[in-house]
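Undergrad: next one to model:
(2 chains, ligands or ions: 2)
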Amino acid sequence: MASVSVQNISKNFGITVALDRVSYEFENGKFFALLGPSGSGKTTLLRMIAGFESPDRGSIQIDGKVVDHIPVEKRDIGMVFQNYALFPNMDVQANVGFGLRVRGISTSETRLLVGEALELVRLSGFDNRRPDQLSGGQRQRVALARAIVTKPRVLLLDEPLSALDRNLRLEMEIELKRIQRDVRITTIFVTHDQEEALTMSDQIGILNEGQLVQHGSPVDIYENPQSVFVARFLGEANLLKGQADGSRVNLNVGGTVQTRSKPASPQVICSIRPEKISIHKEQDIPPSSSNHIAGQVNEHIFNGTSLNYLVQCGDQVLRVFVQNLSGELISPNTQVHLSFRPEDTLVFPDA
Amino acid sequence: MNQRAAVLSLISPAYLWLTLTILLPLSAMLYYSFLSDVPIGSREVSWTLENYGTFFEKAFYSELMLRSFKLGAEVTTFCLLLGFPCALALAKSIGGRTKEALFLLIILPFWSNALVRIFSWTMVLRGNGILEYYINWLLPGTGPLGLMFTYPAILLGLVHSYLPYMILTCYISIDAIDNQLLEAARSLGAGKLTIFFRLIVPLALPGIVAGSVLIFIPVIGSFMEPRLLGGRNGTFIGTIIEDQFTAVFNWPLGAALSFIMMGLVLLVLLGFSPLVRRFK
Ligand SMILES: Nc1ncnc2c1ncn2[C@@H]1O[C@H](COP(=O)(O)OP(=O)(O)OP(=O)(O)O)[C@@H](O)[C@H]1O
Ligand SMILES: [Mg+2]
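TA: Ligands and ions are numbered 1, 2, ... in the order given. Reported below is the predicted structural model:
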């Protein structure tokens, strides 16, 4: 277990900027998710921490020691690959024991440690299976056991669950989190699944076009996105353009709203999460302290626990999620008011 | 049922062709190997096991057979030692244009006639030949090398002829190894040697075996290289068999020796097969 410190890292592949001055401290024992769209540099950053790529500029430290000139095999890391990368010529026992044998640990102790690791991933009794005799989820568990059995300082995972079907993925998310908590290993997890990042991690870093655009706890990033990109990338957001008018914003879809912070430029975009909006029939009077805009229900989607509405406001369609408290649906074509609190109305400059 | 018909129609042309071109001549040879003489004109011919008996009676033949197997093993080993690293570099380290150019160079020998290739070696190796000339020019006073008509000369010619097979078969199986496996091994702390012996060699074994078989078998029966490059030292079972057909005109003995050789090769291959299966 160790902390990882990434300092001002840049990397270009030809003319492609893969990473652009990324700095971050991965704290000891925590679970980090690196989130970002395809091509944003997540894999590059992970491979750099592992040592498979070297930064053009900047430096990486593990446990306070610069590792820039230490090759992968000496960095004492554990890595889980997207396609598992199990050795096809070895059985489960030999796969998991590989890192121990390389370290010169005795056969009897290797057997003991492999047994423990397999127990941890709930695969006891699979010792003599070949990788091609395992299901996808089982392979992933073997890969995980193989990565942690050497007690590495850092565990690096590159979209380890993306090849699994949804149910298995949810199950593995819970398992992975449990195992991480058990062994308290500093874990960096690359994903482009925002739900995965939110549910599993202590800290999330969001990458876009090679830059670390925001980092923080899942709640912090979700509630306080610092850009339209982050608001839209993590969770859902209704984005409404408008003009600043003192401390208020005149929305293009009609209506004037109070925002959380004072607009910083004349042209702005307001972002409101669908679940922060409440929906009222026209005759109901919304609370006066809230922002409200008028619209018409286009469609409703009932999915048991919640009701999702698509509401036409001017030329835009807004999404509204409400909890199913009353079991009452507002039918399409009904005129409605949407109301939301000023502190839930985020405002960003319109670039 | 339908699928079986489809499979049958896919494989039958090739197998029909193989049957005609291999089995027919081979069965003719088998027939000859049991005859007492070549059945030409009005010669009296009878059935006999004598041709096979000759091999076991005269130590000369089994010594030659051993010599040929040794040659086969040595040529295969040299091809492997030279070819495998080359295939590894081509598959995992070199890319793009350079790789294409290097591949072209590897298959270049296939473009020239085998006989021409061997004769050009005689130019290089013979006394006062190209090699001797240059070495003496570089290091005056080295004197004659005396390479021509020796066992090393035969080795040189055969390794040259067969090296491309080893490179190509090994390249194909190394190229199929997922790079992520090698990265996974590194992340687990494995150094280059461990990765080479624990992953690359076992995973490339099918290519090594294919290349070895493709080289070992023809080298044992080879006669052109031993004859042209080996001269007096170039007597092997292959040259003896060739003599029976072209010079001595004892087809039955030539045929019998060929079948004994085939049988022994088969035994050797069977002996190695558990090794192959272990790594599968
Ligand atoms: N070896 C390489 N050679 C050239 N360009 C590369 C290389 N590796 C990555 N890139 C480029 O660097 C950028 C970042 O790639 P990276 O693989 O880190 O993205 P990612 O965030 O992992 O994306 P994904 O979610 O699709 O896996 C991309 O534009 C990619 O094309
Ligand atoms: Mg990636």
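Undergrad: buried ones in the helix or strand where residue A:174 lies?
TA: Using DSSP states H and E, residue A:174 falls within helix A:166-183. For helix A:166-183, burial by neighbour count (16 or more other C-beta atoms under 10 Å in any protein chain shown) applies to A:168, A:169, A:172, A:173, A:175, A:176, A:177, A:179, A:180, A:183. Any C-beta I mention is one placed from the backbone N, CA and C, and that applies to glycine too.
Undergrad: next one: stretch A:314-334
TA: A:316, A:318, A:319, A:320, A:321, A:322, A:330, A:334.
Undergrad: on that earlier part again, helix or strand next in line after the helix holding residue A:174, which one?
TA: strand A:186-191.
Undergrad: hmm, who's touching that next one?
TA: The contact list for strand A:186-191 (C-beta atoms under 8 Å, 6 or more residues apart in numbering or on different chains) reads A:1-4, A:26-35, A:42-43, A:45-46, A:49, A:153-162, A:180, A:196-197, A:200-201.
Undergrad: pLDDT weak spots in the chain?
TA: Let's take chain A. For chain A, applying pLDDT under 70 flags the ranges A:1, A:286.
Undergrad: that was the other one, I meant chain B.
TA: Confidence mapping of chain B against pLDDT under 70 gives the ranges B:1, B:278-280.
Undergrad: select the longest helix from chain B.
TA: Secondary structure assigned by DSSP state H gives helix B:59-92 as the longest helix of chain B.
Undergrad: quick one: is that helix near chain A?
TA: No: using C-beta under 8 Å from any C-beta of the partner chain, helix B:59-92 never reaches chain A; the gap is at least 14.2 Å.
Undergrad: quick check: buried residues in the following helix or strand past that helix?
TA: Note on helix B:59-92: by DSSP H and E, the next helix or strand toward the C-terminus is helix B:96-111. Neighbour counts over helix B:96-111 (16+ other C-beta under 10 Å) mark B:103, B:106 as buried.
Undergrad: list the helices and strands helix B:96-111 packs on?
TA: The helices and strands touching helix B:96-111, judged by 3 or more C-beta pairs under 8 Å, 6 or more residues apart in numbering or on different chains; DSSP states H and E, are helix B:59-92, helix B:151-175.
Undergrad: direction-wise, compare the last one with helix B:59-92 and give the angle.
TA: The reference is to helix B:151-175. 40 degrees (axes from the mean of the first three to the mean of the last three C-alpha atoms, to 10 degrees).
Undergrad: can you show me the helices along chain A?
TA: Going by DSSP H, chain A shows helices at A:42-50, A:92-102, A:107-120, A:136-148, A:166-183, A:194-200, A:218-223, A:228-233.
Undergrad: repeat that for the stretch 151-280 of chain B.
TA: Assigned by DSSP state H, counting those that start in this stretch, the stretch 151-280 of chain B shows helices spanning B:151-175, B:179-187, B:192-195, B:201-203, B:205-220, B:224-230, B:237-246, B:251-279.
Undergrad: if we can go back for a sec, out of the buried residues of stretch A:314-334, the closest to ligand 1 would be?
TA: Of all the buried residues of stretch A:314-334, ligand 1 sits closest to residue A:319, with 25.4 Å by C-beta to the nearest ligand atom.
Undergrad: which residues does that closest one bridge with?
TA: residue A:310 (DSSP bridges).
Undergrad: correct me, but it touches residue A:235?
TA: No: checked against C-beta atoms under 8 Å, the pair residue A:319 and residue A:235 is beyond contact range at 11.2 Å.
Undergrad: what's the neighbour count on residue A:133?
TA: Neighbours of residue A:133 under the rule other C-beta atoms under 10 Å in any protein chain shown: 12.
Undergrad: so which of the helices of chain A is nearest residue B:165?
TA: Nearest of the helices of chain A to residue B:165, taken as C-beta to C-beta: helix A:92-102 at 31.8 Å.
Undergrad: can you tell me if that closest one touches chain B.
TA: Yes: residues of helix A:92-102 are located near chain B by C-beta under 8 Å from any C-beta, namely A:98, A:99, A:102.
Undergrad: what's around the last one, how many residues?
TA: So that's residue A:102. Per other C-beta under 10 Å, the neighbour tally for residue A:102 reads 18.
Undergrad: residue B:126 and residue B:117, how far apart?
TA: 15 Å (C-beta to C-beta, to the nearest Å).
Undergrad: likewise for residue B:256?
TA: For residue B:256, the distance to residue B:117 - C-beta to C-beta - is 31 Å.
Undergrad: who has more neighbours, those two?
TA: Neighbours were tallied for residue B:256 and for residue B:117 using other C-beta under 10 Å; the higher tally belongs to residue B:256 (28 against 17).
Undergrad: could you pull up the residues touching that one?
TA: B:33, B:51, B:52, B:54, B:55.
Undergrad: repeat that for residue A:282.
TA: If you count contacts by C-beta under 8 Å, 6+ apart, residue A:282 has them with A:294, A:334, A:335, A:336, A:337.
Undergrad: would you turn the residues you listed into JSON lines with distance to ligand 1?
TA: Listed next are the contacts of residue A:282 as JSON lines, based on distance: C-beta to the nearest ligand atom, whole Å:
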{"residue": "A:294", "distance to ligand 1": "40"}
{"residue": "A:334", "distance to ligand 1": "41"}
{"residue": "A:335", "distance to ligand 1": "43"}
{"residue": "A:336", "distance to ligand 1": "39"}
{"residue": "A:337", "distance to ligand 1": "40"}
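Undergrad: with adjacent residues omitted, what lies nearest to the residue of the stretch 101-250 of chain B found nearest ligand 1?
TA: Proximity of the stretch 101-250 of chain B to ligand 1 (C-beta to the nearest ligand atom) peaks at residue B:179, 11.1 Å away. Nearest non-adjacent residue to residue B:179, counting by C-beta to C-beta, 6 or more residues apart in numbering or on different chains: residue B:92, 7.4 Å away.
Undergrad: same question for residue A:130.
TA: residue A:91 (5.6 Å).
Undergrad: and for that neighbour, the neighbour number?
TA: 18.
Undergrad: phi, psi of it?
TA: phi -80, psi -180 (degrees, to the nearest 10).
Undergrad: surely it and residue A:134 touch.
TA: No: the criterion here is C-beta under 8 Å, and residue A:91 misses it with residue A:134 at 10.2 Å.
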